[in-house]
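In: only the shape, not the letters, is given here:
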């Protein structure tokens, strides 16, 4: 029996179990209570391994915090009131830190230094140039970063000397490559080259000879991704899906270019890294929408981590002396919390408490992985969230949640918006339509040049699954999504106008011709890959017109809500302006919210409060009510 078929049976078992009433009353939590739950990420050990650096939005905007490795109160060390501060790392030999920031979400990142006295310095002050941190040198005398100040289209590689804080270019990117790794002896730089979204190559740049070698010549669609050099700089660790549906870990001997397989799983190995001296290897596996972490010793023996609360372990980082490891634990009902593991004692310590104490964890809902059949018999993975408060004789409204991308993935982890909506009585089904990552390269390619068509049909077919649960009102199903998911919302309302009762578009694409012509310049290395998957605006205008909701907006007859960041560099504000104006002409309810200090996605709690509360109000008005109640509501449009 094929593995996918077994999983389909598992999905049916989940469906049957959900048909049984498990009603219980829960508290209704406000959006303010959900926003008082902290979002945290990132970790870096201080030079003496006494503290851990991370980012948190508990001040309303992201700032940098430190927490002792033994536990205790966290200390806020930056105090931005406007723009997000994303902590990068402690310095190797003192308590200075690096962080990154942009202006209003424009994604023009700069790298900043925060000194121990609290003063700061922009290390990459070119106003229009984007800077991305790549890592510290093994000798701890410099760090590497990318910048597009010479050519806005490509990221060159620089080394910043820590003694003088002056950079020098060590690789000029004239071929549209992407940084992968640099060897400990600084002799080699591994680079990747994107041909299509499923076909990539690895190149090796010799910094002494200033010569580039193609390491992975091949025929057909094979993905190669450089990860890290061995500690002795003689081997390159990389991912490949050659001869497989899923990516696995390999190592290449740089003297003879011969490779061996190091790790393989039944799912994608998403990442892997070695500790500083090679004592441990961390492997991350994308197992059906949940990350599994495996830690092995040099000899291949697996480290058995202690029993932890239910959830997925992510972002494991091992300290320089290889005695300690930080990681995050995240579950459907629990946001990210930072943990510390001691290799010597085998004990773990939770360093943060992110959940708002006013929210009872058992009132939240555990996501259940299910599968349903699409129009052509294809199994579609999805994550189901059923509110606790649905009574046996009731049918609830539902939302089909579509992730971003294209090529993203809905995962079993804490999502504050989903939990907020479920807490207020909405069933949510987070669909991983064809084209989603994590389910093999064949599944990933199934939506190429079929966007807004076959992948949209996957979302529409999910309605049959929802109706079959017995607790969803098939006449009250809406669709919601952000970025590419926002496009799918607009596509659903325009191309299948009777499929969903409402749509909520968050930063979504309305006009593919404009979007593909106006992608940020630093995406140039991926432009052709995007064109091969989505269409080339110079040669495929007829196709892109066909799949762009803006040109079919006259068909939209259901209530629509649109949220947009004014500084969005990926989906320009004009996209949302035009779709809103066009739909208003149809005489259907349209609500439009523009956030002047946001880019592509929310960074500030204040804006989340306004946006998420407005989404719930919109859904309560246009979806939660019965059809007869909605029929007596006046048609309104506002912006």
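Out: Noted; the coordinates are in hand. Everything quoted here is computed from the prediction, not taken from an experiment.

In: hey, let's count contacts and neighbours off CA atoms from now on
Out: OK.

In: domains of the chain?
Out: Listed by automatic domain parsing, the domain ranges of the chain are 3-20+359-624, 41-174.

In: just say which of the ones you listed is most tucked in.
Out: Sort the domains of the chain by mean neighbour count, taking mean count of other C-alpha atoms under 10 Å, and domain 3-20+359-624 sits at the top with a mean of 20.

In: could you show me where the helices are in the stretch 1-150 of the chain, in order?
Out: Applying DSSP state H, counting those that start in this stretch to the stretch 1-150 of the chain gives helices spanning 3-19, 31-35.

In: helices or strands up against the host helix or strand of residue 527?
Out: Per DSSP states H and E, residue 527 falls inside helix 524-534. On a contact count with 3 or more C-alpha pairs under 8 Å, 6 or more residues apart in numbering; DSSP states H and E, helix 524-534 meets strand 188-196.

In: chain center to the strand it packs on, what's the gap?
Out: Counting by C-alpha atoms, centre = their mean, to the nearest Å, strand 188-196 is centred 22 Å from the centre of its parent chain.

In: partner strands of that strand, parallel or antiparallel?
Out: Strand pairing for strand 188-196, determined by DSSP bridges: strand 178-182 (antiparallel), strand 199-206 (antiparallel).

In: now residue 207: how far from residue 171?
Out: Relative to residue 171, residue 207 is positioned 8 Å away (C-alpha to C-alpha, to the nearest Å).

In: ok, residue 200 next?
Out: 20 Å.

In: what does residue 365 give?
Out: From residue 365 to residue 171 the distance is 49 Å (C-alpha to C-alpha).

In: circling back: which one of the strands paired with strand 188-196 is the most hemmed in?
Out: With neighbours taken as mean count of other C-alpha under 10 Å, these reach their highest mean count in strand 178-182, at a mean of 22.

In: between that strand and helix 524-534, how many degrees?
Out: 120 degrees (axes from the mean of the first three to the mean of the last three C-alpha atoms, to 10 degrees).

In: identify all contacting residues around strand 178-182.
Out: Strand 178-182 is touched from outside by 134, 146, 155, 157, 188-193, 225-229, 525, with contacts defined as C-alpha atoms under 8 Å, 6 or more residues apart in numbering.

In: hmm, which two among these are most spread apart?
Out: Within those, 229 and 525 form the most distant pair, 23.1 Å apart (C-alpha to C-alpha).

In: and the residue nearest to residue 121 when sequence neighbours are not counted, bridged to which residues?
Out: Distances taken as C-alpha to C-alpha, 6 or more residues apart in numbering place residue 113 nearest to residue 121, at 5.1 Å, with adjacent residues excluded. Judged by DSSP bridges, the bridge partners of residue 113 are residue 98, residue 121.

In: helices or strands next to the top strand by length along the chain in the packing?
Out: Counting by DSSP state E, the longest strand found in the chain is strand 472-482. Applying 3+ C-alpha pairs under 8 Å, 6+ apart, one finds that strand 472-482 contacts strand 396-402, helix 454-468, helix 484-495, strand 503-506.

In: so which of the ones you listed gets nearest residue 73?
Out: Closest to residue 73 of the helices and strands packed on strand 472-482 is strand 503-506 (C-alpha to C-alpha; 35.8 Å).

In: in this protein, where is pLDDT below threshold?
Out: By pLDDT under 70, the weakly predicted segments of the chain are 1-21, 626-639.

In: picking that back up, could you dump the strands paired with strand 188-196 into a markdown table and include distance to residue 513?
Out: Shown next, in a markdown table, are these (distance: least, C-alpha to C-alpha, whole Å):
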| stretch | distance to residue 513 |
| --- | --- |
| strand 178-182 | 26 |
| strand 199-206 | 24 |
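
In: how about residue 543, nearest residue that isn't a chain neighbour?
Out: residue 535 (7.5 Å).

In: for the one you found, grab phi and psi.
Out: Here is the backbone geometry of residue 535 (degrees, to the nearest 10): phi 120, psi 150.

In: how close does it get to residue 529?
Out: Using C-alpha to C-alpha, one gets 9 Å for the distance from residue 535 to residue 529.

In: and if you look at residue 566?
Out: In terms of C-alpha to C-alpha, residue 566 sits 27 Å off from residue 529.
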